[in-house]
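Undergrad: Show me how the following folds:
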Amino acid sequence: MEMDVKVNHSQVSLGWTLAQLTARRVMRRSSIWVFLLIGLAPCTIVAYWLGTYLIDDWKTNILPYGMFKNILGLYFQLFYMPLLAIFLGLGVVSDEIETKNITFTLVRPLRRLSIVLGRFGGHLLVGWGLITVSILANYFANMLFQVESLFSQLGLLINSILVQCLGFLGYLGVVSMFGTMFKRFSVLLCIFYMFLDVAFSLLPVAKLQWISIQYRTLASYTEIPLQFLPSATEITQVSVIWGLFYCTGLSLICCLIMTWRVRKEIILSDSSK
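TA: Sure thing, here's the model as predicted:
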């Protein structure tokens with residue numbers, strides 16, 4: 001007796017499966033643990049809080065909650081999030097093309113857009129995981145001796161993780177596009193774009209601020225972290241929904257461009273045979 005086995009071949013299901021497989025493959029890289037340690041590096045400040053608490057009897061003008069906001073604004077917003085996007089984003093599709101694995105993937109019942117979204121989604125999941133773990137660890141490390149305010153600031157913690165993940169989504173889309181379209185100069189282009197994006201967030205020009213991921217994320221915080229760069233404009237707080245729309249839309253546009261690049265690459269490969 002033959003048994004009918006129903007297999008879900010929907011593009012959504014296949015794309016999600018590819019994203020999971022990609023995430024597992026990325027997690028097996030030894031460099032992922034290096035970036036986890038980089039994200040956890042500010043947690044070493046707990047030694048300072050411990051010394052202050054035991055030796056100086058908590059005689060300090062800076063509370064752990066305030067220091068967490070400083071770390072959030074300087075370390076995560078300006079350094080860790082963009083650096084992680086460059087590290088994970090450059091090889092989203094370009095690695096598949098260079099190693100010719102994209103040809104093997106294309107024989108599966110997957111559309112090119114599903115392949116790009118699956119690959120992008122896998123790297124995105126890993127990045128979100130690293131950001132979430134790092135921010136959580138830094139928050140609890142700074143609030144170790146301020147337990148009475150631990151739960152009162154959970155709103156800021158959740159908002160900070162959400163905003164950082166949104167910013168990473170936007171940066172990953174742009175970096176992935178650069179890595180797919182421009183192989184040789186992609187790193188320089190990404191670094192230049194990051195500096196340009198930060199510069200746009202500091203200038204009092206509404207149109208430049210509108211396209212700046214840095215400004216969009218800063219404006220989405222419920223409590224704006226301290227800025228360590230001189231700015232010619234004040235940040236106007238808006239709903240995080242605007243940041244969600246912008247970063248998601250930007251990433252989708254970048255994925256569509258990468259899909260076109262994959263299609264062009266396959267056409268060129270077929271014509272060379």
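Undergrad: ok, the one residue sitting closest to the centre of the chain to residue 134 distance?
TA: Among the residues of the chain, the one closest to the centroid is residue 168, at 2.2 Å (Cα atoms, centre = their mean). Computed as Cβ to Cβ, to the nearest Å, the residue 168 to residue 134 distance reads 11 Å. Backbone N, C-alpha and C define where each C-beta goes, glycine included.
Undergrad: tell me the phi and psi of residue 15?
TA: Main-chain torsions, residue 15, degrees, to the nearest 10: phi -60, psi -40.
Undergrad: Likewise for residue 184?
TA: phi -70, psi -40.
Undergrad: what's the distance between it and residue 178?
TA: Note on residue 184: its distance to residue 178, by Cβ to Cβ, is 11 Å.
Undergrad: the more surrounded of those two?
TA: Comparing residue 184 with residue 178 by other Cβ atoms under 10 Å, the one with more neighbours is residue 178, at 23 against 7.
Undergrad: so where does the more buried one fall, helix or strand?
TA: Mapping residue 178 onto the secondary structure by DSSP states H and E places it in helix 154-181.
Undergrad: Check whether residue 159 really touches residue 237, as I assumed.
TA: No: contact criterion Cβ atoms under 8 Å: residue 159 and residue 237 do not qualify, at 11.1 Å.
Undergrad: Any chance you could list residues touching both of those two?
TA: Jointly contacting residue 159 and residue 237 under the rule Cβ atoms under 8 Å, 6 or more residues apart in numbering are 220, 221, 222.
Undergrad: Pretty sure residue 158 is one of the things the second one touches, is it not?
TA: What that stands for is residue 221. No: assessed by Cβ under 8 Å, residue 221 is found out of contact with residue 158, at 11.4 Å.
Undergrad: Between those two, which has more neighbouring residues?
TA: The neighbour count for residue 221 versus residue 158, taken as other Cβ under 10 Å, is higher for residue 221 (22 against 12).
Undergrad: if we can go back for a sec, now, the shared contacts of residue 159 and residue 237 that are in strands?
TA: The strands, defined by DSSP state E, take in nothing from the shared contacts of residue 159 and residue 237.
Undergrad: What is the nearest of those residues to residue 86?
TA: Set against residue 86, the nearest of those by Cβ to Cβ is residue 220 (21.7 Å).
Undergrad: quick one: the closest one from residue 247, how far?
TA: Look at residue 220 and residue 247: by Cβ to Cβ, they are 10 Å apart.
Undergrad: can you pull the buried residues of the helix holding residue 178?
TA: For helix 154-181, the neighbour count (16 or more other Cβ atoms under 10 Å) marks 156-157, 160-181 as buried.
Undergrad: Determine the three-state secondary structure at residue 235.
TA: coil (DSSP: H, G, I helix; E, B strand; the rest coil).
Undergrad: That one touches residue 215, doesn't it?
TA: Yes: Residue 235 lies in contact with residue 215 (Cβ under 8 Å); the separation is 7.0 Å.
Undergrad: which one of the two has more residues nearby?
TA: A count of neighbours by other Cβ under 10 Å puts residue 215 above the other of residue 235 and residue 215, at 23 against 16.
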